[in-house]
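**Student:** missing the sequence, but the structure's below:
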């Protein structure tokens, strides 16, 4: 007889049915019973260190059991609140507090500390220990994580996170007993792009946020649910503000996207929101930018547009542009007779005729269903750390062969490096490479094509070849679509979905290709390529590359200062929420464009945010689906148009510095410190010179 998939357990008189192999703690939670714990975490392996989750089990030896490490049996009867359990938990808490310093008034964890909460709920009211507390030297973990290791209770959550989730096993424990210390074996800054999550999982104040130290208490903050836009993943975040200032960004739970984790750049670049900000319009007069009023700035643009042919006007959308601003700018240019719009600052050869050609079709959660992976021209660890963590999670759960074509990199999981040129892709397509058989034999294979493969002259040929390989190896089926494009820009999929890639391309608008160029937060291309006679309007929130070349500057709002719609790399439509107000005279981008359209007597047909959203949905119905992502297979295997042949040039990484990829992170002092901390050491020859 096959073993049962579920077992019945009675917890405090409540019978629940849980999967076979669950532990007692999970059964108690299924029954709605709260079990205190410090070392146990749902996404980490079981350690059984803290012994706080004690329960009593009938027909077992008369002693308390650690529920996190004890498997359930059919018919088991568990008691979570008996005199034995209460006494045992009080004893455990008493032991935990022997060496813990009672410095809650100066601890940044105060107000959201598991140790505080559980000592009140399950501990005693006094201690029998009067010996001196031990002291432990603090460890330097880099610019992001602050340590007060005397507070550490040795739950080992941080060690298990680094090893299991982040895949960078830099933390561990040395010595034993009272001499045991948690830290890095060799003092160095943590090299994981997910190190900030250590602050979230630490149940005490041993690991806290270094940039946030002594800044605010949790009850002082206004909490706003929003979406991260510093990469293309679309992680769920919570923005904490006090007054007009963003003080903290934390992850929110979203099992389909980021689970409960967040990348370090998305978490810590927030100090860039208050540095190098544009807070008033500027106009170039006699070769010098001077402050101006909104009517003066609009008048300068209108004077330049007067009599200008529509074909000589163009616009480029930046990587942080919201869909509302892009559709408003596109409509303004259309009223002027121009269709020259582009959202591909890197010149990536993305075919916008079919959403399947430019989205992450498998979906982020769908990675866990795949059984083979080929990465082409991408470094997911730098481009999307949370997608990289999901790939690692899939690799740890069972056999999952991963191969990569591109520059070699440590992706935190085992990867078979096939080469760094498109020739390898051709051998896979021909079926002469051994890994082609691996892909063909897999039930649900997938391919990830990065911007390093598409942002090059032969990008269109590589895109078509990757699609052809996906079709040949069974990735494109009615029940499964294994073809994925990994983007690095939050605005890219939204721009392509709105048709913000028509008329002249960015390359064609350079070197005098247009007479007026409107930059919507576009800072990720070489502005020296813009023609010397081209009149440049820069609309954005930071004084970055685009603003340095501008003739007129229109100050906009950052993503924490507006309700904006973004489409993630997997095609998920999400909205940010306004957590603070823009500084000075800065306005929301679509409102700036609406006001300008009225000034030139070509008013846009919407005056409210609801009207803009209706316009978005009219252009593309996907904007009706907020935070919903239907899973589609692939019915039509017709691929993108191939243009030219693939060259022999090796693939290059598109992100060389993870910590500085956009105007916000480049303005961040914290990200500058991270860049310096992770700068490669100079070679011996250079040092000698």
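**Tutor:** Good, I have the coordinates. On a predicted model such as this, the values are computed, not experimentally measured, just so you know.
**Student:** So which residues of the stretch 151-300 of the chain form helices?
**Tutor:** Here the stretch 151-300 of the chain has its helices, by DSSP state H, counting those that start in this stretch, at 157-160, 197-201, 264-268, 294-305.
**Student:** contacts for the shortest one?
**Tutor:** Pointing back at helix 157-160 there. Helix 157-160 is contacted by residues 38-39, 41, 44-45, 47, 171-173, 182, 198, 201-203, 207 when judged by CB atoms under 8 Å, 6 or more residues apart in numbering. Placement of C-beta: from N, CA and C, glycine included.
**Student:** Need the mean per-residue confidence for that helix.
**Tutor:** Helix 157-160 shows a mean pLDDT of 96.
**Student:** What of the third one?
**Tutor:** On average, the pLDDT along helix 264-268 is 97.
**Student:** What are the buried residues along that helix?
**Tutor:** 264, 265, 266, 267, 268 (16 or more other CB atoms under 10 Å).
**Student:** The last one reaches residue 195, doesn't it?
**Tutor:** No. Taking CB atoms under 8 Å as the definition, residue 268 is not a contact partner of residue 195, at 9.6 Å.
**Student:** Residues that sit against both of the two, list them.
**Tutor:** residue 144.
**Student:** Which one of the helices of the stretch 151-300 of the chain lies nearest to residue 469?
**Tutor:** helix 264-268 (31.8 Å; CB to CB).
**Student:** And stretch 333-345, what's buried?
**Tutor:** For stretch 333-345, a neighbour-count test (16+ other CB under 10 Å) marks 333, 336, 338, 340, 341, 342, 343, 344, 345 as buried.
**Student:** what's next to that stretch, contact-wise?
**Tutor:** Here stretch 333-345 makes contact (CB under 8 Å, 6+ apart) with 305, 308-319, 321, 326, 329-330, 350, 489, 491-492, 495-496, 499-506, 509, 514, 518, 522, 524-525, 597, 602, 604.
**Student:** Where helices are concerned, which of these count?
**Tutor:** Of the contacts of stretch 333-345, the ones assigned to helices by DSSP state H are 305, 326, 329, 330, 492, 495, 496, 506, 509, 597.
**Student:** Could you report the distance from the first one to residue 312?
**Tutor:** When you say that, I think you mean residue 305. Counting by CB to CB, to the nearest Å, the gap from residue 305 to residue 312 is 10 Å.
**Student:** Of the two, which one has the most company?
**Tutor:** For residue 305 versus residue 312, the count of surrounding residues by other CB atoms under 10 Å is larger for residue 312: 20 against 17.
**Student:** Skipping its backbone neighbours, what lies nearest that one in space?
**Tutor:** Counting by CB to CB, 6 or more residues apart in numbering, residue 312 lies nearest to residue 515, which is 4.1 Å off, once chain neighbours are set aside.
**Student:** which neighbours do residue 305 and residue 312 share?
**Tutor:** Listed as contacting both residue 305 and residue 312 by CB under 8 Å, 6+ apart are residue 516.
**Student:** residue ranges with poor pLDDT in this protein?
**Tutor:** Scanning the chain for pLDDT under 70 picks out 1-3, 681-689.
**Student:** tell me the contacts of residue 389?
**Tutor:** 165, 166, 167, 194, 261, 412.
**Student:** Check which residues of the helix or strand harbouring it are buried.
**Tutor:** Using DSSP states H and E, residue 389 sits in helix 385-396. Within helix 385-396, the residues that count as buried by 16+ other CB under 10 Å are 385, 386, 387, 388, 389, 390, 391, 392, 393, 394, 395.
**Student:** Generate TSV for these, with distance to residue 283 as supplementary columns.
**Tutor:** As requested, the buried residues of helix 385-396 are arranged in TSV below (distance: CB to CB, whole Å):
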residue	distance to residue 283
385	41
386	42
387	43
388	44
389	46
390	47
391	49
392	51
393	52
394	53
395	55
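**Student:** Do I have it right that residue 635 meets residue 478?
**Tutor:** Yes. Between residue 635 and residue 478 there is a contact under CB under 8 Å: 5.6 Å.
**Student:** For residue 152, see how far away residue 208 is.
**Tutor:** Taking CB to CB as the measure, residue 208 falls 12 Å from residue 152.
**Student:** if you count what's nearby, which of the two comes out ahead?
**Tutor:** Neighbours around residue 208 and residue 152, counted as other CB under 10 Å, are more numerous at residue 152. The numbers are 24 against 20.
**Student:** for that one, what are its contacts?
**Tutor:** By CB under 8 Å, 6+ apart, the contact set of residue 152 is 136, 181, 182, 204, 206.
**Student:** Can you report phi and psi for residue 374?
**Tutor:** Backbone geometry at residue 374, expressed as degrees, to the nearest 10, gives phi -120, psi 130.
**Student:** Tell me the spacing between it and residue 361.
**Tutor:** Counting by CB to CB, the gap from residue 374 to residue 361 is 14 Å.
**Student:** re earlier: among the contacts of helix 157-160, which ones are buried?
**Tutor:** Buried residues within the contacts of helix 157-160, counting neighbours by 16+ other CB under 10 Å: 38, 39, 41, 44, 47, 171, 182, 198, 201, 202, 203, 207.
**Student:** residues in contact with the fifth one?
**Tutor:** Put plainly, it is residue 47. Counting by CB under 8 Å, 6+ apart, the residues that residue 47 touches are 39, 40, 155, 156, 160.
**Student:** so it is in which element?
**Tutor:** Assigned by DSSP H and E, residue 47 belongs to no helix or strand.
**Student:** so which of the helices of the stretch 151-300 of the chain comes closest to residue 232?
**Tutor:** Nearest of the helices of the stretch 151-300 of the chain (CB to CB): helix 264-268, 11.4 Å.
**Student:** where's the closest one relative to the chain centroid, distance-wise?
**Tutor:** Distance of helix 264-268 from its chain centroid, counting by CA atoms, centre = their mean, to the nearest Å, is 8 Å.
**Student:** List the neighbours of that helix that are in contact with it.
**Tutor:** Counting by CB under 8 Å, 6+ apart, 144, 192-196, 209, 211, 228, 230-231, 235, 237, 249-251, 385, 658-659, 661, 665, 668, 670-671, 674 sit against helix 264-268.
**Student:** Name the residues of stretch 252-260 that come out as buried.
**Tutor:** Neighbour-count burial for stretch 252-260 flags 252, 254, 256, 257, 258, 259, 260 (criterion: 16+ other CB under 10 Å).
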